[in-house]
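Trainee: below: sequence and its predicted model.
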Amino acid sequence: MAGSLGWRKDQAASIVYEHGNILEAEWGEGDLIFIASLLFGSPFMQQIHEKSLKCKKGSWLITLGARLPNSEFIFPDLPFNPDMHWQVMFMGRLAMSWGWSTINIHKKIRDPVASKEAKIE
Ligand SMILES: C[S@@+](CC[C@H](N)C(=O)[O-])C[C@H]1O[C@@H](n2cnc3c(N)ncnc32)[C@H](O)[C@@H]1O
């Protein structure tokens, strides 16, 4: 695959597939995190959000359905929540194999913190 896209195979990113609980797996070092979170409830999204606070500044996180709790669009002329870690960069509806789904693309705008240090309302 990498070769057919014009990339050298030794430069292609490696992908590891793991089967496990997202709340127990380590994904804080990821540059791009995709969570197929369609129909995940608010308490579970809140747990995912707390875990995501360890992610690197500048990393990207994609959810389906609901956006991450505490994440918002930033408008230059409006105040924003200073405790916010994830800025919503895009929110829209895209066609998936099963139909239309809301997709939310977030960018981490703050340095990583352990969840217990973060102010979460
Ligand atoms: C909306 S489905 C998406 C299914 C599939 N990934 C897809 O894109 O078609 C959500 C998936 O999240 C998985 N899931 C639920 N809780 C999870 C958890 N704690 N850790 C990892 N996966 C979980 C479910 O098993 C389910 O497969």
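Mentor: Now that the structure is in, tell me what you want to look at. These figures come from a predicted structure and were not determined experimentally.

Trainee: could I get the buried residue list for stretch 34-44?
Mentor: Using 16 or more other C-beta atoms under 10 Å as the test for burial, stretch 34-44 gives I35, S37, F40. For the C-beta atoms, the positions are set from N, CA and C on the backbone; glycine is no exception.

Trainee: how about that stretch and the ligand, any contact?
Mentor: Yes: applying C-beta under 6 Å from any ligand atom, one finds stretch 34-44 touching the ligand at A36, L38, L39.

Trainee: just name the closest of those residues to C55, please.
Mentor: Checking the residues of stretch 34-44 next to the ligand against C55 by C-beta to C-beta gives A36 as the nearest, at 17.5 Å.

Trainee: adding distance to W27, pLDDT and secondary structure, write the residues of stretch 34-44 next to the ligand out as CSV.
Mentor: Listed next are the residues of stretch 34-44 next to the ligand as CSV, based on distance: C-beta to C-beta, whole Å; pLDDT from 0 to 100; DSSP: H, G, I helix; E, B strand; the rest coil:
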residue, distance to W27, pLDDT, secondary structure
A36, 14, 96, coil
L38, 18, 95, coil
L39, 20, 95, coil
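
Trainee: would you map the helices across this structure?
Mentor: In the chain, the helices defined using DSSP state H lie at 42-52.

Trainee: got the residues of it near the ligand?
Mentor: Near the ligand, when you scan the chain using C-beta under 6 Å from any ligand atom, you find N21, I22, L23, A36, L38, L39.

Trainee: pull up the distance across stretch 52-63, start to finish.
Mentor: Using C-alpha to C-alpha, to the nearest Å, the end-to-end distance of stretch 52-63 comes to 12 Å.

Trainee: if you average the pLDDT over that stretch, what comes out?
Mentor: The pLDDT scores in stretch 52-63 average 97.

Trainee: the residue nearest to the spatial centre of the chain bridge partners, please.
Mentor: Note on the chain: the residue nearest the mean C-alpha position is L61, at 1.9 Å, using C-alpha atoms, centre = their mean. For L61, the beta-bridge partners under DSSP bridges are I33, H106.
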